[in-house]
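fold the stuff below for me.
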Amino acid sequence: MTGSATGLGLADFMIGAVSTFSQGAPNKTYPQQVYLGLYAQDSWKLRPGLTLSYGLRWEPYFPPQFGQNIMSRFDMGAFLQGTKSQVFLNAPPGTFYPGDPQFGPNGSAGRYTLWKDLAPRVGIIWDPRKNGKTVIRAAYGIFYDQNTVELYSATGQGPPWGGRVTLTSPPGGLADPFAGQPGGNPFPFVLNKNTQFPQYGIFDTFNELTKIPDVQQWNFDIQKQFGQNWLVSASYLGNEVTHLYGFRELNPAIFLGLGTCTINGVAYNPCSTTANTNPRRLLTLLNPVEGPKYGFLDVWDDGGTRSYNGLLLNTQKRLSHGFIITANYTWSHCIGELINTFPNGGTGGSGLYFASTRAGDRGDCTTSGSDVSNGGTDRRHIANLTGLATMPKFSSKLLRTVGSDWRGSATVSMYSGGGITIVTGIDNALNGINSTTQYANQVLPNVYGNKTLNSLIGAGTTSLWINPAAFSQPAPGTMGNLAPGTVRGPGALIFNAGLSRLFAIRERQRMELRAEAQNLLNRTNFSDPNATLNSSQFGKITASGPARIMQFALKYSF
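Okay, here's the model as predicted:
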């Protein structure tokens with residue numbers, strides 16, 4: 001319920017105006033997976049103060065097997081040739097299952113074992129003065145991820161097992177969503193060789209050569225000790241992640257213009273609307289008889305990449321003279337493409353935007369491909385300070401009674417705003433993909449409003465974090481020109497503190513008094529502004545972090 005009919009999601013629900021309806025049956029995958037890893041390493045002291053370490057890890061990837069053969073694979077060439085499965089006779093052409101020769105290798109896995117996943121790593125440590133007070137370190141390594149079998153869990157929700165069906169703006173609404181659908185309501189159904197396949201089922205597929213993600217990591221670090229208690233360091237950290245998983249839509253709706261047209265004998269005016277998304281799908285246009293069995297058709301895409309480069313400055317003071325301090329500052333930048341850690345989410349239509357080029361999906365890192373408007377992971381500046389101090393023991397009995405044994409602590413965290421992606425809130429492209437989170441167009445260079453505290457006030461204020469005039473909806477049938485993480489949200493300053501004292505009453509009896517405060521300064525740390533262009537709250541900050549919280553405790557131990 002998106003509010004597309006009445007303007008309010010709840011009102012849409014009350015009148016049964018469904019924008020998207022999805023239904024499926026339970027499924028059981030019974031996955032099994034073998035893991036093997038071998039590792040060898042060595043250290044070589046080249047000379048006093050200089051040590052080289054190196055190693056090699058062999059970690060082949062064995063695709064998981066599924067006890068009930070709940071996997072399927074789509075082949076576009078076979079679809080165009082009309083080749084059908086012999087395991088499920090009513091499956092649409094192009095989709096194959098374990099037991100079909102076109103399915104792929106490795107039994108129910110359908111993917112090849114990756115035997116050549118070798119991960120070398122090397123590191124060097126240099127003490128130029130040979131006194132342990134100045135150390136230089138550098139390292140490089142390759143590391144492979146091991147995918148969990150949970151990534152496959154939604155495959156069995158599609159036809160023929162779970163029979164998951166998704167309908168866009170069904171004419172029967174919530175009362176009768178399958179009204180007008182050929183064959184009517186497909187539930188419940190019986191699974192066998194002759195199981196019928198409903199219209200517009202959701203299919204997940206993969207490439208038998210799909211690789212697993214890997215990351216190259218490197219770092220360079222200099223540490224220096226001053227005196228007996230101070231340590232400072234400067235570090236450069238970098239990584240490059242490849243073969244990150246997203247998923248591409250193989251069966252998008254095709255934009256056929258806004259004039260009148262006839263699709264498979266049905267007249268439409270205009271020709272392209274969200275109401276006729278399914279009739280405009282690619283496979284339906286290519287094969288009007290068998291194509292309508294395909295709704296969303298998501299394929300695993302292992303071509304995603306991300307990179308991170310950061311400078312970390314750190315200083316530490318060991319506990320001496322009653323206090324300890326740790327402080328650090330990070331200046332970094334993360335760039336990448338959309339990813340989704342759960343590609344087979346089962347709902348379809350949440351894949352990559354620019355599947356053919358990827359360039360349009362590359363930008364500052366945000367949280368995920370399915371939640372691009374929720375603040376980002378790329379925060380350029382992060383600083384933290386932690387301190388702990390204890391009062392000394394006074395020789396005077398009065399001062400010792402009043403002032404000794406107090407302990408104070410404080411933590412300060414500061415960070416700049418994260419990346420935000422401005423999304424349209426509607427399916428401008430009219431392709432059924434990311435129907436509410438497509439990118440907007442940027443039409444003015446100044447993307448920010450006045451960014452005042454009044455941006456927290458309700459709908460009547462003119463104070464905005466984001467400038468609405470800087471963005472516009474893309475033309476029908478087109479994608480926006482923005483990239484992920486274009487706009488920055490507000491930063492934050494958080495100061496927490498604590499104070500405690502331990503009182504000795506008798507030999508085995510203690511009483512502790514403790515006071516703690518979160519956000520002691522009671523500073524308003526704003527949440528990210530609304531980044532959905534068609535929302536009445538667009539550009540406004542409507543929430544903030546917690547206010548000051550104080551708590552007091554008294555503990556008696558005996």
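
and W115, how far is that from P60?
For W115, the distance to P60 (C-beta to C-beta, to the nearest Å) stands at 5 Å. C-betas here are computed from N, CA, C, even on glycine.

count of residues packed around the closest residue to T284 other than its chain neighbours?
Of all residues not flanking T284 in the chain, G291 sits nearest, at 3.8 Å (C-beta to C-beta, 6 or more residues apart in numbering). G291 is flanked by 23 other residues according to other C-beta atoms under 10 Å.

quick check on G291: phi, psi?
phi -60, psi -40 (degrees, to the nearest 10).

so which of W115 and P60 has more stuff around it?
Just comparing W115 and P60: by other C-beta under 10 Å the higher neighbour count belongs to P60, 16 against 10.

who touches the more buried one in this structure?
36, 113-117 (C-beta atoms under 8 Å, 6 or more residues apart in numbering).

check P546 too.
P546 makes contact with 518-519 under the criterion C-beta under 8 Å, 6+ apart.

so it, which state does it fall into?
Per DSSP: H, G, I helix; E, B strand; the rest coil, the local secondary structure of P546 is coil.

and G485, by the same measure?
coil.

for P279, same thing?
From three-state DSSP, the assignment for P279 is helix.

look up how far S169 lies from it.
12 Å.

one more: N185?
Separation of N185 from S169 (C-beta to C-beta): 17 Å.

neighbour count winner among the two?
Ranked by neighbour count (other C-beta under 10 Å), N185 and S169 place S169 first, with 18 against 14.

from F21, how far off is the residue found closest to the more buried one once you drop the neighbours it is linked to in the chain?
The shortest distance from S169 to any non-neighbouring residue, by C-beta to C-beta, 6+ apart, is to A275 (4.8 Å). To F21, A275 is 13 Å away according to C-beta to C-beta.

tell me the contacts of D145?
212-215.

do the same with L50
Counted by C-beta under 8 Å, 6+ apart, L50 has contacts 124-127.

now, which of these sits nearest Y152?
For those, the residue nearest Y152 by C-beta to C-beta is I124; the value is 41.1 Å.

got the CA positions of the helix or strand harbouring the closest one in PDB?
Per DSSP states H and E: I124 is located in strand 118-126. The C-alpha trace of strand 118-126 is given here as PDB (Å, rounded to 0.1, in the frame of the first residue of the first chain):
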ATOM      1  CA  LEU A 118      44.300 -19.000  -3.700                       C
ATOM      2  CA  ALA A 119      44.800 -16.100  -1.200                       C
ATOM      3  CA  PRO A 120      48.400 -15.000  -0.700                       C
ATOM      4  CA  ARG A 121      49.300 -12.400   2.000                       C
ATOM      5  CA  VAL A 122      52.600 -10.800   3.000                       C
ATOM      6  CA  GLY A 123      53.700  -8.400   5.700                       C
ATOM      7  CA  ILE A 124      56.900  -6.600   6.800                       C
ATOM      8  CA  ILE A 125      57.800  -5.100  10.200                       C
ATOM      9  CA  TRP A 126      60.800  -2.800  10.500                       C
END
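
quick check: angle from the following helix or strand past that strand to strand 118-126?
Going down the chain from strand 118-126, the next helix or strand is strand 134-144, by DSSP H and E. Between strand 134-144 and strand 118-126, the angle comes out at 180 degrees (axes from the mean of the first three to the mean of the last three C-alpha atoms, to 10 degrees).
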